[in-house]
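Peer 1: Model the following, please.
(one chain, ligands or ions: 2)
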Amino acid sequence: MKYYPVFFDLREKVCLVVGGGAVSERKVQRLLECGASVRVVSKSLSAGLQCLLDQKQIQCPAVRYSPNCLDGVFLVVCATDDKAMNEQVMRDCRSRGIPVNVVDDPELCDFILPSIVEQGDLTIAVSTGGKSPALAKCLREELECRYGPEYREMVDIMGELRKRIVARGRPTEENRTLFEAVVYSDILELLRRGDLEGVRVRVRELTGEDLEIKAT
Ligand SMILES: C[C@@]1(CC(=O)O)c2cc3[nH]c(cc4nc(cc5[nH]c(cc(n2)[C@H]1CCC(=O)O)[C@@](C)(CC(=O)O)[C@@H]5CCC(=O)O)C(CC(=O)O)=C4CCC(=O)O)c(CCC(=O)O)c3CC(=O)O
Ligand SMILES: NC(=O)C1=CN([C@@H]2O[C@H](COP(=O)(O)OP(=O)(O)OC[C@H]3O[C@@H](n4cnc5c(N)ncnc54)[C@H](O)[C@@H]3O)[C@@H](O)[C@H]2O)C=CC1
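Peer 2: Ligands and ions are numbered 1, 2, ... in the order given. Model (predicted):
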């Protein structure tokens with residue numbers, strides 16, 4: 001069994017979460033962070049979900065699930081503790097071609113969710129192919145220590161440099177050599193030390209670009 005890892009752009013897309021407990025709340029939080037428009041259908045809501053509803057950050061169009069809850073929905077996460085309900089949601093999604101995650105049953109899932117480390121626009125996703133969420137979480141905690149805020153700054157620097165260097169219109173091979181020189185330089189170390197002037201000097205030496213380096 002091999003999963004296909006992808007990064008979806010969920011902005012403005014409607015995502016449905018069925019169930020309103022602690023697990024749903026975690027999934028809803030992540031969907032909101034990614035800019036999704038989140039609908040929750042559940043017999044009850046956790047305190048956190050109720051709060052999101054009061055703040056109009058989520059919609060709760062129904063208390064009882066029915067197949068028309070799937071109208072206009074891009075993807076579904078099903079997190080009830082009712083196995084029959086989970087199976088029904090999965091079948092309805094299948095027949096409409098909507099990808100579904102059933103949290104307590106990988107066999108019913110079209111996709112599973114990884115454990116995630118984020119530093120700005122850097123995302124490191126860990127999956128054990130569904131074998132051990134506890135191990136995925138443990139690795140995530142380790143990676144969080146290893147990949148600190150300097151990576152957020154590094155990604156921003158690389159993003160800006162890439163824009164400028166690609167705009168020069170030179171061959172890809174030449175650009176790649178430049179990007180690699182920056183990535184493998186001591187810039188990460190300088191960022192860790194907070195030596196922003198040092199970073200600016202090094203970027204200029206390596207690429208000829210004069211970037212304004214801001215602490216984030
Ligand atoms: C297959 C998958 C489907 C999916 O949900 O997408 C799935 C399934 C199940 N999880 C279960 C339990 C737990 N899940 C967690 C935590 C997380 N689970 C997540 C993902 C996934 N969980 C997918 C596979 C990911 C992979 O490939 O590794 C994470 C990574 C992401 C997220 O949920 O957003 C998130 C960590 C977030 C973080 O970094 O903190 C913890 C730990 C804790 O809560 O402390 C426990 C208790 C400890 C344990 O059991 O390991 C159970 C048994 C339920 C029961 O006992 O009845 C099942 C069902 C089964 O395995 O059959
Ligand atoms: N994948 C994961 O990360 C994990 C999965 N689980 C599993 O996820 C499931 C949910 O866990 P919790 O959120 O802790 O449970 P919970 O009991 O707090 O929440 C279940 C929610 O589903 C709603 N619900 C139940 N039947 C429903 C129906 N027919 N229609 C609509 N809503 C309905 C309930 O009102 C409640 O809001 C459990 O089955 C648990 O075994 C548990 C831990 C981690």
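Peer 1: give me the residue from the protein nearest ligand 2.
Peer 2: Closest contact between the chain and ligand 2, by C-beta to the nearest ligand atom, is at Gly21 (2.1 Å). For the C-beta atoms, the positions are set from N, CA and C on the backbone; glycine is no exception.
Peer 1: excluding its backbone neighbours, what's nearest that residue?
Peer 2: Spatially, and ignoring its direct neighbours in sequence, Gly21 is nearest to Ser46 (5.8 Å; C-beta to C-beta, 6 or more residues apart in numbering).
Peer 1: any idea how far Val28 is from that neighbour?
Peer 2: 9 Å (C-beta to C-beta, to the nearest Å).
Peer 1: again with Glu180
Peer 2: Applying C-beta to C-beta, one obtains 40 Å for the distance of Glu180 from Val28.
Peer 1: and what of Val14?
Peer 2: Distance, Val14 to Val28, using C-beta to C-beta: 13 Å.
Peer 1: next one: Asp195
Peer 2: Remark: distance between Asp195 and Val28 (C-beta to C-beta) = 40 Å.
Peer 1: With neighbour numbers in mind, choose between these two.
Peer 2: Val28 (26 against 16; other C-beta atoms under 10 Å).
Peer 1: quick revisit: for the residue of the chain closest to ligand 2, list the residues it contacts.
Peer 2: Residues near Gly21 by C-beta atoms under 8 Å, 6 or more residues apart in numbering: Ser42, Ser44, Ser46, Ala79, Thr80, Asp81.
Peer 1: Which among those count as buried?
Peer 2: Burial by neighbour count, 16 or more other C-beta atoms under 10 Å: within the contacts of Gly21 this picks out Ser42, Ser46, Ala79, Thr80.
Peer 1: so which of these comes closest to Val102?
Peer 2: Checking the buried ones among the contacts of Gly21 against Val102 by C-beta to C-beta gives Ala79 as the nearest, at 7.9 Å.
Peer 1: got the buried residues for stretch 49-68?
Peer 2: Residues of stretch 49-68 classed as buried by neighbour count (16+ other C-beta under 10 Å): Leu49, Leu52, Ile58, Cys60, Tyr65.
Peer 1: can you map out the helices along this protein?
Peer 2: Taking DSSP state H, the helices of the chain run over residues 22-33, 47-54, 83-96, 133-146, 150-167, 172-183, 187-193, 196-207.
Peer 1: With mean pLDDT as extra columns, can I get the ones you listed in TSV?
Peer 2: Conversion of those to TSV gives the following (pLDDT from 0 to 100):
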stretch	mean pLDDT
helix 22-33	97
helix 47-54	98
helix 83-96	96
helix 133-146	97
helix 150-167	96
helix 172-183	96
helix 187-193	96
helix 196-207	96
